[in-house]
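Visitor: After the sequence you'll find the predicted model.
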Amino acid sequence: MATIRWVLTQLTSHPWHIAIAGVLAVPTVAWTVARLAGLEVGFPGVALMAYTPYAAVASVVPLAVSLLLRQWLVAVPVALAVACLAVLVLPRGFGGPDPAGTGPEASGGGPVLRVLTSNMLVGGADPESIVDLVRTGRVDLLATQEYTPQARQRLAAAGLERLLPHQAAYPLPGVVGSALYSRFPLTDAGYRNLPGGFGQAYATLHVPGAPAMLVESAHPAAPATARLIPSWRADLAAEPPATPHGPVRVLLGDFNSTLDHVELRRLVGTGYRDAASVVGAGLTPTWPYNKWWPKVTLDHVLADTRIGVRAVSVHQVHDSDHRAVLAELALPAPGPG
């Protein structure tokens, strides 16, 4: 009975304090529940979920207000929400080099592979910026998205093919073109048509001293409007899952998703690791760099758990709305036989 009386006292004292604290608390608690349960629905719900790191920072405001106003019935659920958001978000910002990979088949005894992904904004990105990144970053594999016929010509003129002579290139008008450029041989190349109308270049990469590896330039549709949400979901569902007991895989590109989207987390859960999160760079934003609004992390390198991650960095590319992601991976050694 004493507990009930205390609750009633809390609800009937200072009603304006309760109202203020409650109104501020509802968005934080609702956001946390949606993120925990994977309940991103429709537009703009799906798009907003990408801003969960900002929501985590903002969540301290309703907590502070409820504590200052001594509204303990509100403070308790808000404190739980703040703690949950911290657990969900903060680990991406902490970490360090992990050159050995994880799992029983990880060895870390193979060569280092440097990979770069860059969205070219309908082919308009500055080719010199990309080629300079390839040269200075000693890149072995480049994945491009929104790769047009004009982009192919401009990259060739800038000298990309002299640095990375092997290619699986599918230049197309608009945003659906895709390409892989490599220092090492590529075989079994192709273009994957995604359900939402986008497409992805893929190939088998042959790095001396490492097992043959499946690589793909990822680019699912963006959840930019209500009409595109089903395409976005279908495209992410169609991304190739990891094959932990088969070929080593790397997906890299513009996923139009963050690790706060349940669809991307499901893909990672098949046996990938987000390279940036491994080394503590998972909160570094990559888009949009041609607009004023807050930046989010849409571009990723997803590496098979057998692959180690030595370093990840993010770089500006002139005339693109995306920053490029450069990852240094430690490949597993070839298996016996």
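Guide: Thanks, I have the structure now. All figures in this text were calculated on a predicted structure; none of them were measured in a lab. Numbering: from 1, shown residues only.
Visitor: Strands of the stretch 151-300 of the chain, start to end?
Guide: Per DSSP state E, counting those that start in this stretch, the stretch 151-300 of the chain carries strands over the ranges 166-170, 178-182, 186-193, 199-205, 213-218, 248-254, 272-274, 299-304.
Visitor: so residue 121 sits in a helix?
Guide: No - looking at residue 121 with DSSP: H, G, I helix; E, B strand; the rest coil, it is coil, so not inside a helix.
Visitor: and it, how many residues sit next to it?
Guide: 21 (other CB atoms under 10 Å). Placement of C-beta: from N, CA and C, glycine included.
Visitor: Contacts only, for the spatially closest residue to it that is not a sequence neighbour.
Guide: Nearest in space to residue 121, with sequence neighbours left out and distances taken as CB to CB, 6 or more residues apart in numbering, is residue 320 at 4.5 Å. When contacts are counted by CB atoms under 8 Å, 6 or more residues apart in numbering, residue 320 touches 118-121, 124-126, 129, 289-290.
Visitor: let's go with 7 Å and repeat that
Guide: 118-121, 125 (CB atoms under 7 Å, 6 or more residues apart in numbering).
Visitor: Any regions of the stretch 1-150 of the chain where pLDDT drops low?
Guide: The model of the stretch 1-150 of the chain has pLDDT under 70 over residues 1-15, 100-109.
Visitor: Go again with 50.
Guide: Across the stretch 1-150 of the chain, the ranges flagged by pLDDT under 50 are 4-8, 11-12.
Visitor: Would you map the strands across it?
Guide: Going by DSSP E, counting those that start in this stretch, the stretch 1-150 of the chain shows strands at 112-119, 141-145.
Visitor: Run me through the strand neighbours of the longest one, direction for each.
Guide: The reference is to strand 112-119. Using DSSP bridges, strand 112-119 pairs in its sheet with strand 141-145 (parallel), strand 324-330 (antiparallel).
Visitor: How about the contacts made by the residue positioned nearest the centre of the chain?
Guide: The residue lying closest to the centre of the chain (CA atoms, centre = their mean) is residue 300, at 4.0 Å. By CB under 7 Å, 6+ apart, the contact set of residue 300 is 252, 255, 274, 276.
Visitor: where does it land on pLDDT?
Guide: Confidence at residue 300, expressed as pLDDT, is 98.
Visitor: before we move on, what about the one 3 residues further on?
Guide: The predicted local distance difference test score for residue 303 is 97.
Visitor: In the record's domain split, what are the boundaries for the chain?
Guide: Domain assignment for the chain by automatic domain parsing gives 2-92, 96-330.
Visitor: Now residue 148. Nearest residue, chain neighbours left out?
Guide: residue 123 (3.1 Å).
Visitor: Likewise for residue 70?
Guide: Per CB to CB, 6+ apart, closest to residue 70 is residue 17, 7.5 Å.
Visitor: what do you get for residue 317?
Guide: Nearest to residue 317 is residue 129, by CB to CB, 6+ apart, at 4.6 Å.
Visitor: I figured the residue nearest to residue 70 hits residue 71, correct?
Guide: Yes - using CB atoms under 7 Å, residue 17 is in contact with residue 71, at 5.7 Å.
Visitor: which one of those two has more residues nearby?
Guide: Shown here are residue 17 and residue 71; by other CB under 10 Å, residue 71 has more neighbours (25 against 17).
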